[in-house]
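*Asks:* here's my sequence, what's the structure:
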Amino acid sequence: MSAFSEAALERKLSELSNSQQSVQTLSLWLIHHRKHSGLIVTVWERELRKAKPNRKLTFLYLANDVIQNSKRKGPEFTKDFAPVIVEAFKHVSSESDESCKKHLGRVLSIWEERSVYENDVLEQLRQALYGDRKARKRTFEQIKVDENNCSAQSSPSDPPQTTDVIRALQELENAASGDEAVHQRIASLPVEVQDVSLLDRITDKESGEQLSKMVDDACMVLADYNGRLAAEIDDRKQLTRMLSDFLLCQKEVLAEKEHKLEEYKRKLARVSQVRKELRSRIQNLPDLSRLPNVTGSHVHLPFAGDIYSDD
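*Replies:* Now for the predicted structure:
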(Lines give C-alpha, C1' and ligand atoms only; values in the text may rest on other atoms or scores of the structure.)
Protein backbone atom coordinates (compact mmCIF):
# COMPACT_ATOMS: atom_id res chain seq x y z
CA MET A 1 0.00 0.00 0.00
CA SER A 2 1.09 3.58 -0.65
CA ALA A 3 2.75 5.58 2.10
CA PHE A 4 0.59 7.71 4.38
CA SER A 5 0.61 11.49 4.31
CA GLU A 6 -1.98 14.15 4.99
CA ALA A 7 -1.88 15.22 1.35
CA ALA A 8 -2.37 11.63 0.19
CA LEU A 9 -5.34 11.26 2.51
CA GLU A 10 -6.91 14.50 1.24
CA ARG A 11 -6.49 13.30 -2.33
CA LYS A 12 -8.05 9.92 -1.60
CA LEU A 13 -10.98 11.52 0.18
CA SER A 14 -11.53 13.84 -2.78
CA GLU A 15 -11.63 10.80 -5.08
CA LEU A 16 -13.96 8.82 -2.81
CA SER A 17 -17.14 7.74 -4.59
CA ASN A 18 -20.39 6.25 -3.35
CA SER A 19 -19.56 2.78 -4.63
CA GLN A 20 -18.98 -0.02 -2.17
CA GLN A 21 -15.62 -0.84 -3.75
CA SER A 22 -14.39 2.75 -3.38
CA VAL A 23 -15.43 2.91 0.28
CA GLN A 24 -13.93 -0.47 1.16
CA THR A 25 -10.66 0.22 -0.69
CA LEU A 26 -10.07 3.47 1.16
CA SER A 27 -11.20 1.89 4.43
CA LEU A 28 -8.55 -0.83 4.10
CA TRP A 29 -5.91 1.81 3.40
CA LEU A 30 -6.91 3.79 6.50
CA ILE A 31 -6.95 0.71 8.72
CA HIS A 32 -3.51 -0.22 7.43
CA HIS A 33 -2.31 3.22 8.60
CA ARG A 34 -4.26 3.11 11.88
CA LYS A 35 -1.28 4.46 13.84
CA HIS A 36 -2.24 7.81 12.30
CA SER A 37 -5.87 7.43 13.39
CA GLY A 38 -5.97 10.77 15.21
CA LEU A 39 -4.81 12.73 12.17
CA ILE A 40 -7.01 10.64 9.87
CA VAL A 41 -10.14 11.51 11.87
CA THR A 42 -9.18 15.20 11.94
CA VAL A 43 -8.73 15.32 8.17
CA TRP A 44 -11.86 13.23 7.64
CA GLU A 45 -13.99 15.68 9.63
CA ARG A 46 -12.48 18.70 7.87
CA GLU A 47 -13.04 17.24 4.40
CA LEU A 48 -16.54 16.11 5.35
CA ARG A 49 -17.56 19.68 6.10
CA LYS A 50 -16.02 20.88 2.84
CA ALA A 51 -17.66 18.16 0.72
CA LYS A 52 -20.71 18.77 -1.42
CA PRO A 53 -24.02 17.71 0.18
CA ASN A 54 -24.40 14.71 -2.13
CA ARG A 55 -21.02 13.34 -0.98
CA LYS A 56 -21.35 13.79 2.77
CA LEU A 57 -23.20 10.52 3.34
CA THR A 58 -20.33 8.65 1.66
CA PHE A 59 -17.96 10.05 4.31
CA LEU A 60 -20.13 8.52 7.02
CA TYR A 61 -20.23 5.22 5.13
CA LEU A 62 -16.45 5.32 5.15
CA ALA A 63 -16.36 6.05 8.90
CA ASN A 64 -18.78 3.18 9.50
CA ASP A 65 -16.63 0.74 7.53
CA VAL A 66 -13.42 1.87 9.25
CA ILE A 67 -14.90 1.78 12.77
CA GLN A 68 -16.39 -1.68 12.41
CA ASN A 69 -13.58 -3.39 10.51
CA SER A 70 -10.75 -1.89 12.55
CA LYS A 71 -12.04 -3.25 15.86
CA ARG A 72 -10.34 -6.58 15.23
CA LYS A 73 -6.98 -4.84 15.03
CA GLY A 74 -7.45 -2.27 17.79
CA PRO A 75 -9.75 0.39 19.31
CA GLU A 76 -7.95 3.40 17.82
CA PHE A 77 -10.58 4.49 15.31
CA THR A 78 -13.57 3.78 17.56
CA LYS A 79 -11.97 5.94 20.23
CA ASP A 80 -10.83 8.76 17.92
CA PHE A 81 -14.12 9.00 16.03
CA ALA A 82 -16.17 9.17 19.25
CA PRO A 83 -15.59 12.90 20.02
CA VAL A 84 -16.54 14.03 16.48
CA ILE A 85 -19.12 11.51 15.27
CA VAL A 86 -22.13 13.15 16.93
CA GLU A 87 -21.38 16.56 15.41
CA ALA A 88 -20.72 14.83 12.08
CA PHE A 89 -24.18 13.22 12.24
CA LYS A 90 -25.72 16.59 13.05
CA HIS A 91 -23.87 18.24 10.17
CA VAL A 92 -24.83 15.63 7.57
CA SER A 93 -28.41 15.40 8.83
CA SER A 94 -28.89 19.18 8.68
CA GLU A 95 -27.88 19.25 5.01
CA SER A 96 -29.68 16.08 3.93
CA ASP A 97 -33.10 15.16 2.60
CA GLU A 98 -35.33 12.44 4.06
CA SER A 99 -33.82 9.76 1.84
CA CYS A 100 -30.32 10.52 3.11
CA LYS A 101 -31.54 10.60 6.72
CA LYS A 102 -33.02 7.16 6.18
CA HIS A 103 -29.57 5.86 5.22
CA LEU A 104 -28.11 7.54 8.31
CA GLY A 105 -30.77 5.78 10.34
CA ARG A 106 -29.61 2.43 8.97
CA VAL A 107 -26.04 3.17 10.03
CA LEU A 108 -27.24 4.15 13.50
CA SER A 109 -29.37 0.99 13.76
CA ILE A 110 -26.35 -1.16 12.98
CA TRP A 111 -24.29 0.65 15.61
CA GLU A 112 -27.05 0.17 18.18
CA GLU A 113 -27.43 -3.49 17.33
CA ARG A 114 -23.70 -4.18 17.51
CA SER A 115 -23.07 -1.85 20.48
CA VAL A 116 -20.38 0.01 18.56
CA TYR A 117 -20.59 2.87 21.09
CA GLU A 118 -21.82 3.30 24.65
CA ASN A 119 -25.48 4.09 25.22
CA ASP A 120 -24.86 7.78 25.96
CA VAL A 121 -23.15 8.27 22.58
CA LEU A 122 -25.87 6.31 20.80
CA GLU A 123 -28.51 8.45 22.48
CA GLN A 124 -26.73 11.62 21.30
CA LEU A 125 -26.66 10.19 17.78
CA ARG A 126 -30.39 9.45 17.97
CA GLN A 127 -31.06 13.01 19.07
CA ALA A 128 -28.80 14.39 16.35
CA LEU A 129 -30.65 12.44 13.69
CA TYR A 130 -34.24 12.38 14.93
CA GLY A 131 -34.49 15.20 17.45
CA ASP A 132 -37.71 14.82 19.45
CA ARG A 133 -39.46 12.82 16.75
CA LYS A 134 -38.11 9.48 17.92
CA ALA A 135 -39.17 8.41 21.38
CA ARG A 136 -36.49 7.87 23.98
CA LYS A 137 -36.20 4.58 25.78
CA ARG A 138 -38.75 4.56 28.57
CA THR A 139 -38.15 4.01 32.25
CA PHE A 140 -39.38 0.99 34.16
CA GLU A 141 -42.14 3.07 35.76
CA GLN A 142 -43.35 4.31 32.39
CA ILE A 143 -43.50 0.79 31.02
CA LYS A 144 -45.44 -0.46 34.05
CA VAL A 145 -48.03 2.30 33.67
CA ASP A 146 -48.83 1.31 30.08
CA GLU A 147 -50.42 -2.13 30.30
CA ASN A 148 -50.41 -2.45 26.52
CA ASN A 149 -46.63 -2.60 26.49
CA CYS A 150 -44.37 -5.43 27.50
CA SER A 151 -43.05 -5.91 30.97
CA ALA A 152 -39.63 -4.40 31.59
CA GLN A 153 -38.46 -7.77 32.84
CA SER A 154 -39.22 -9.57 29.57
CA SER A 155 -35.72 -9.24 28.12
CA PRO A 156 -32.37 -7.62 28.90
CA SER A 157 -33.10 -4.84 26.39
CA ASP A 158 -36.23 -2.87 25.67
CA PRO A 159 -38.62 -4.86 23.47
CA PRO A 160 -39.68 -3.27 20.19
CA GLN A 161 -42.81 -1.15 20.41
CA THR A 162 -45.77 -1.76 18.12
CA THR A 163 -45.17 1.56 16.34
CA ASP A 164 -41.56 0.55 15.61
CA VAL A 165 -42.69 -2.72 14.01
CA ILE A 166 -45.33 -0.93 11.92
CA ARG A 167 -42.81 1.69 10.80
CA ALA A 168 -40.28 -0.97 9.79
CA LEU A 169 -42.91 -2.83 7.78
CA GLN A 170 -44.04 0.36 6.06
CA GLU A 171 -40.47 1.25 5.10
CA LEU A 172 -40.09 -2.10 3.33
CA GLU A 173 -43.07 -1.25 1.12
CA ASN A 174 -40.69 0.97 -0.86
CA ALA A 175 -37.71 -1.39 -0.68
CA ALA A 176 -35.09 -1.46 -3.43
CA SER A 177 -36.09 -4.95 -4.57
CA GLY A 178 -39.46 -3.58 -5.65
CA ASP A 179 -38.07 -0.64 -7.67
CA GLU A 180 -39.31 -1.52 -11.14
CA ALA A 181 -37.86 1.64 -12.67
CA VAL A 182 -34.33 0.62 -11.68
CA HIS A 183 -34.98 -2.96 -12.79
CA GLN A 184 -35.90 -1.72 -16.24
CA ARG A 185 -32.94 0.63 -16.36
CA ILE A 186 -30.52 -2.17 -15.50
CA ALA A 187 -32.22 -4.53 -17.95
CA SER A 188 -31.80 -1.97 -20.73
CA LEU A 189 -28.05 -1.48 -20.19
CA PRO A 190 -26.20 -1.85 -23.52
CA VAL A 191 -24.61 -5.21 -24.10
CA GLU A 192 -21.30 -3.44 -24.74
CA VAL A 193 -20.94 -2.51 -21.05
CA GLN A 194 -21.46 -6.12 -19.96
CA ASP A 195 -19.27 -8.10 -22.34
CA VAL A 196 -15.54 -7.49 -22.26
CA SER A 197 -15.07 -9.40 -25.51
CA LEU A 198 -16.84 -6.59 -27.36
CA LEU A 199 -14.04 -4.15 -26.52
CA ASP A 200 -12.33 -5.33 -29.70
CA ARG A 201 -14.91 -3.38 -31.65
CA ILE A 202 -13.47 -0.07 -30.46
CA THR A 203 -11.55 1.43 -33.38
CA ASP A 204 -11.06 5.07 -32.38
CA LYS A 205 -10.69 7.29 -29.32
CA GLU A 206 -14.08 8.90 -29.69
CA SER A 207 -15.98 5.59 -29.58
CA GLY A 208 -13.76 4.47 -26.69
CA GLU A 209 -14.57 7.59 -24.65
CA GLN A 210 -18.24 7.19 -25.43
CA LEU A 211 -18.21 3.60 -24.23
CA SER A 212 -16.21 4.66 -21.17
CA LYS A 213 -18.93 7.10 -20.21
CA MET A 214 -21.58 4.40 -20.67
CA VAL A 215 -19.57 2.01 -18.48
CA ASP A 216 -19.16 4.68 -15.77
CA ASP A 217 -22.89 5.36 -15.79
CA ALA A 218 -23.64 1.65 -15.59
CA CYS A 219 -21.22 1.24 -12.69
CA MET A 220 -22.89 4.09 -10.79
CA VAL A 221 -26.36 2.65 -11.36
CA LEU A 222 -25.34 -0.86 -10.32
CA ALA A 223 -23.21 0.28 -7.36
CA ASP A 224 -26.03 2.46 -6.06
CA TYR A 225 -28.59 -0.31 -6.49
CA ASN A 226 -26.30 -2.88 -4.87
CA GLY A 227 -25.90 -0.52 -1.93
CA ARG A 228 -29.67 -0.14 -1.67
CA LEU A 229 -30.14 -3.92 -1.83
CA ALA A 230 -27.50 -4.45 0.85
CA ALA A 231 -29.27 -1.88 3.03
CA GLU A 232 -32.58 -3.64 2.38
CA ILE A 233 -31.05 -6.95 3.45
CA ASP A 234 -29.89 -5.32 6.69
CA ASP A 235 -33.37 -3.87 7.16
CA ARG A 236 -35.01 -7.26 6.65
CA LYS A 237 -32.58 -8.94 9.04
CA GLN A 238 -33.27 -6.28 11.61
CA LEU A 239 -37.02 -6.64 11.06
CA THR A 240 -36.72 -10.41 11.49
CA ARG A 241 -34.99 -9.92 14.84
CA MET A 242 -37.49 -7.24 15.78
CA LEU A 243 -40.44 -9.51 14.98
CA SER A 244 -38.84 -12.35 16.90
CA ASP A 245 -38.38 -10.13 19.97
CA PHE A 246 -41.87 -8.71 19.52
CA LEU A 247 -43.39 -12.20 19.31
CA LEU A 248 -41.50 -13.33 22.40
CA CYS A 249 -42.67 -10.22 24.21
CA GLN A 250 -46.28 -10.81 23.18
CA LYS A 251 -46.11 -14.43 24.36
CA GLU A 252 -44.93 -13.23 27.76
CA VAL A 253 -47.64 -10.57 27.88
CA LEU A 254 -50.22 -13.21 26.90
CA ALA A 255 -49.08 -15.50 29.71
CA GLU A 256 -49.24 -12.60 32.15
CA LYS A 257 -52.75 -11.60 31.02
CA GLU A 258 -53.96 -15.21 31.20
CA HIS A 259 -52.62 -15.43 34.74
CA LYS A 260 -54.47 -12.23 35.66
CA LEU A 261 -57.65 -13.53 34.04
CA GLU A 262 -57.52 -16.69 36.16
CA GLU A 263 -56.87 -14.60 39.26
CA TYR A 264 -59.84 -12.33 38.54
CA LYS A 265 -62.05 -15.33 37.78
CA ARG A 266 -61.26 -16.67 41.26
CA LYS A 267 -62.03 -13.27 42.77
CA LEU A 268 -65.33 -13.15 40.89
CA ALA A 269 -66.23 -16.61 42.18
CA ARG A 270 -65.52 -15.52 45.79
CA VAL A 271 -67.51 -12.31 45.41
CA SER A 272 -70.40 -14.24 43.81
CA GLN A 273 -70.37 -16.65 46.76
CA VAL A 274 -70.54 -13.75 49.20
CA ARG A 275 -73.46 -12.26 47.25
CA LYS A 276 -75.32 -15.59 47.27
CA GLU A 277 -74.76 -16.11 51.01
CA LEU A 278 -75.71 -12.52 51.77
CA ARG A 279 -79.03 -12.83 49.90
CA SER A 280 -79.80 -16.07 51.75
CA ARG A 281 -79.23 -14.44 55.14
CA ILE A 282 -81.22 -11.37 54.23
CA GLN A 283 -84.21 -13.58 53.42
CA ASN A 284 -84.09 -15.13 56.95
CA LEU A 285 -84.00 -11.80 58.78
CA PRO A 286 -87.28 -10.31 60.16
CA ASP A 287 -89.03 -7.69 58.07
CA LEU A 288 -89.03 -4.58 60.30
CA SER A 289 -91.45 -2.84 58.00
CA ARG A 290 -94.28 -5.09 59.28
CA LEU A 291 -93.85 -4.31 63.04
CA PRO A 292 -96.28 -1.81 64.76
CA ASN A 293 -95.26 1.80 64.54
CA VAL A 294 -94.68 2.97 68.13
CA THR A 295 -93.23 6.26 67.21
CA GLY A 296 -94.80 9.05 69.32
CA SER A 297 -96.82 6.75 71.70
CA HIS A 298 -96.52 7.15 75.49
CA VAL A 299 -96.14 4.12 77.77
CA HIS A 300 -96.53 4.73 81.55
CA LEU A 301 -94.12 2.75 83.70
CA PRO A 302 -94.96 2.64 87.44
CA PHE A 303 -92.51 4.13 89.90
CA ALA A 304 -91.61 2.33 93.10
CA GLY A 305 -93.59 4.92 94.99
CA ASP A 306 -96.71 4.00 93.13
CA ILE A 307 -96.45 0.38 94.20
CA TYR A 308 -95.84 1.03 97.92
CA SER A 309 -98.11 4.06 98.30
CA ASP A 310 -100.35 4.17 101.35
CA ASP A 311 -103.23 5.05 99.02
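*Asks:* I'd like to know how many residues surround L62.
*Replies:* 21 (other CB atoms under 10 Å). Where C-beta positions appear, they are placed from N, C-alpha and C, glycine not excepted.
*Asks:* how about it: what's its closest non-neighbour residue?
*Replies:* Residue nearest to L62 in three dimensions, not counting chain neighbours: V23, with 5.3 Å by CB to CB, 6 or more residues apart in numbering.
*Asks:* which residues does the helix or strand encompassing the one you found contact?
*Replies:* In the assignment (DSSP states H and E), V23 maps to helix 20-32. By CB atoms under 8 Å, 6 or more residues apart in numbering, the residues outside helix 20-32 that reach it are 1-2, 9, 12-13, 15-16, 40, 58, 61-62, 65-66, 69-70, 73, 77, 223, 226-227, 230.
*Asks:* report the distance from it to the chain centre.
*Replies:* Relative to the chain's own centre, helix 20-32 is displaced by 28 Å; criterion: CA atoms, centre = their mean, to the nearest Å.
*Asks:* and the next helix or strand past it?
*Replies:* Next helix or strand after helix 20-32 toward the C-terminus (DSSP H and E): helix 37-50.
*Asks:* check which helices and strands that following helix sits against.
*Replies:* helix 6-15, helix 53-70, helix 76-94 (3 or more CB pairs under 8 Å, 6 or more residues apart in numbering; DSSP states H and E).
*Asks:* so which bits of stretch 163-177 are buried?
*Replies:* Using 16 or more other CB atoms under 10 Å as the test for burial, stretch 163-177 gives 164, 168, 176.
*Asks:* mind checking the longest helix of this protein?
*Replies:* Criterion DSSP state H: the longest helix present in the chain is helix 205-284.
*Asks:* determine the set of other helices and strands touching it.
*Replies:* With contacts taken as 3+ CB pairs under 8 Å, 6+ apart, helix 205-284 sits against helix 20-32, helix 98-113, helix 162-171, helix 180-187.
*Asks:* by how many degrees do the longest one and helix 162-171 diverge?
*Replies:* So that's helix 98-113. If you take axes from the mean of the first three to the mean of the last three CA atoms, to 10 degrees, helix 98-113 sits at 130 degrees to helix 162-171.
*Asks:* can you name the element that comes right after helix 98-113?
*Replies:* helix 119-130.
*Asks:* for that next one, packing partners?
*Replies:* Secondary-structure packing of helix 119-130 (3+ CB pairs under 8 Å, 6+ apart): helix 76-94, helix 98-113.
*Asks:* contact partners of the longest one?
*Replies:* Contacts made with helix 76-94 from outside it, assessed by CB under 8 Å, 6+ apart, are listed as 30-31, 34-35, 37-38, 40-41, 45, 48-49, 56-57, 59-60, 63, 66-67, 70-71, 100-101, 104, 108, 116-117, 121, 124-125, 128-129.
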